[in-house]
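Colleague: Compute the structure for the input listed below.
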Amino acid sequence: MTGSLRRAALMLALLLPGAAAAAPPASHPAAFHPAAFQPPPQDALPPGPFGQEVKLGEAIFRHTRRYAGRYVGADLRCSNCHIDGGRLAGAAPLWAAWVAFPAYRGKTKAVNTYGQRLQGCFHYSMNGTPPPLGGKVLIALEAYSAWLATGAPVRAQLAGRGYPKLPRPAATPSYAQGAVVFGQHCALCHGADGAGQRAGGQQVFPPLWGARSFNWGAGMGSIANAAAFVKANMPLGAGGSLTDQQAWDVATFLDSHERPQDPRFTGSVAATRAKYHNSPYSMYGRAVNGQVLGAPGGK
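Modeller: Numbering: from 1, shown residues only. Now for the predicted structure:
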């Protein structure tokens, strides 16, 4: 099966009832998806009230707008960045994050609970409103995460947490080369305009930039994070097939497009960049194709 046909088949599978719970294709290289820990199988949901919370948490995770739409401002779902419902090693699995909190985060400059970490996902990656701590949505997501981490050692740095780090690129990442990679490997699913694709009234593939994508404060707004995710997990069903340089190039291309404002915006793009985006891996506040990214009106 060609790459194009494989991804088309994956799109169809995502639309079929129950397909969302399917495991990812076997083509994911083990180097990017170490299996040091295995979460409980899908058919091992616990009984009783806790099991109901776990089931609701999984539903929220896989179909976020449907079950937690009041807190979501983008056409995204949690499982877009945490593949296979948060199960897959090397794709920011929930079981590895759950055992690592509470933890200090440089982004907030404070010790955060797991619930606060989830709030940040809604605020930035979902371009939405953080659900309240102790509320229905976060309790269910925490229950789901805790269940996935059944048997995992607490406070351990589990193999497979986050996305595998990439070495620095051999050549300066190129917007132009990234556009070529995007056209060849990404546009089939995400559209030439990066807006993703809808089918049957549902967002099947997520928008990568534009008004319905993640905002400038999201982790994917970092070229380094985006490159690591792409290298390990994209194209869907063929993670690890791009070279490191291709991953860096296409991540640069993706993050060089406009998207919703960073919620921490100070009123000045320059000041916001200096305070929150002072990194060679952020395009926020930089001029691309004659427009300053993050600036109202592009100026």
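Colleague: any low-confidence regions in the stretch 151-299 of the chain?
Modeller: Applying pLDDT under 70 to the stretch 151-299 of the chain flags residues 299.
Colleague: can you give me the strands for it?
Modeller: Secondary structure of the stretch 151-299 of the chain (DSSP state E, counting those that start in this stretch): strands located at 197-199, 202-205, 287-288, 291-292.
Colleague: could I get the ones you listed as CSV with mean neighbour count and distance to residue 270?
Modeller: Placement of C-beta: from N, CA and C, glycine included. What follows is the strands of the stretch 151-299 of the chain, written out as CSV (neighbours: other CB atoms under 10 Å; distance: least, CB to CB, whole Å):
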stretch, mean neighbour count, distance to residue 270
strand 197-199, 13, 36
strand 202-205, 17, 34
strand 287-288, 14, 12
strand 291-292, 16, 9
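Colleague: can you list the ones you listed in CSV and add distance to residue 116?
Modeller: Output for the strands of the stretch 151-299 of the chain, formatted as CSV (distance: least, CB to CB, whole Å):
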stretch, distance to residue 116
strand 197-199, 32
strand 202-205, 27
strand 287-288, 33
strand 291-292, 32
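Colleague: so which of the ones you listed comes closest to residue 245?
Modeller: The minimum distance between residue 245 and these falls on strand 287-288, with 19.8 Å, by CB to CB.
Colleague: circling back: what's the closest of the strands of the stretch 151-299 of the chain to residue 45?
Modeller: Proximity to residue 45 (CB to CB) singles out strand 202-205 among those, at 24.0 Å.
Colleague: how far is that closest one from where the chain is centred?
Modeller: Centre-to-centre, strand 202-205 and its host chain are 15 Å apart (CA atoms, centre = their mean, to the nearest Å).
Colleague: Stretch 115-135 too?
Modeller: Put simply, stretch 115-135 sits 14 Å off its chain's centre (CA atoms, centre = their mean).
Colleague: Of the strands of the stretch 151-299 of the chain, which is nearest residue 169?
Modeller: With CB to CB as the measure, strand 287-288 is the member of these nearest residue 169 (18.2 Å).
Colleague: which residues are contacting the closest one?
Modeller: 175, 256-257, 293 (CB atoms under 8 Å, 6 or more residues apart in numbering).
Colleague: Of all the strands of the stretch 151-299 of the chain, which one is nearest residue 71?
Modeller: Using CB to CB, the nearest of those to residue 71 is strand 202-205, at 16.1 Å.
Colleague: Packing partners of that closest one?
Modeller: Counting contacts by 3 or more CB pairs under 8 Å, 6 or more residues apart in numbering; DSSP states H and E, strand 202-205 packs against helix 3-15, strand 197-199.
Colleague: so who does residue 81 touch?
Modeller: By CB under 8 Å, 6+ apart, residue 81 lies in contact with 91-92, 125, 220, 229.
Colleague: Quick check: pLDDT value at residue 14.
Modeller: Looking at residue 14, its pLDDT reads 41.
Colleague: What are the structural domain limits within the protein?
Modeller: Here the domain parsing of the chain from automatic domain parsing is 36-148, 175-298.
Colleague: End to end on the first one, go ahead and measure it.
Modeller: Read that as domain 36-148. Taking CA to CA, to the nearest Å, the first and last residues of domain 36-148 lie 14 Å apart.
Colleague: do the same with stretch 257-277
Modeller: First-to-last residue span, stretch 257-277, CA to CA: 15 Å.
Colleague: Give me the contact list for it.
Modeller: By CB under 8 Å, 6+ apart, stretch 257-277 touches 73-74, 123-124, 127, 194, 208-211, 213-217, 221, 282, 284-285, 288, 291-295, 298.
Colleague: Please type out the ChimeraX selection for whichever of these turn out to be buried.
Modeller: The following ChimeraX line selects those of those that are buried, judged by 16 or more other CB atoms under 10 Å:
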select :73,74,123,124,127,194,208,209,210,213,214,215,216,217,221,282,284,285,288,292,293,294,295
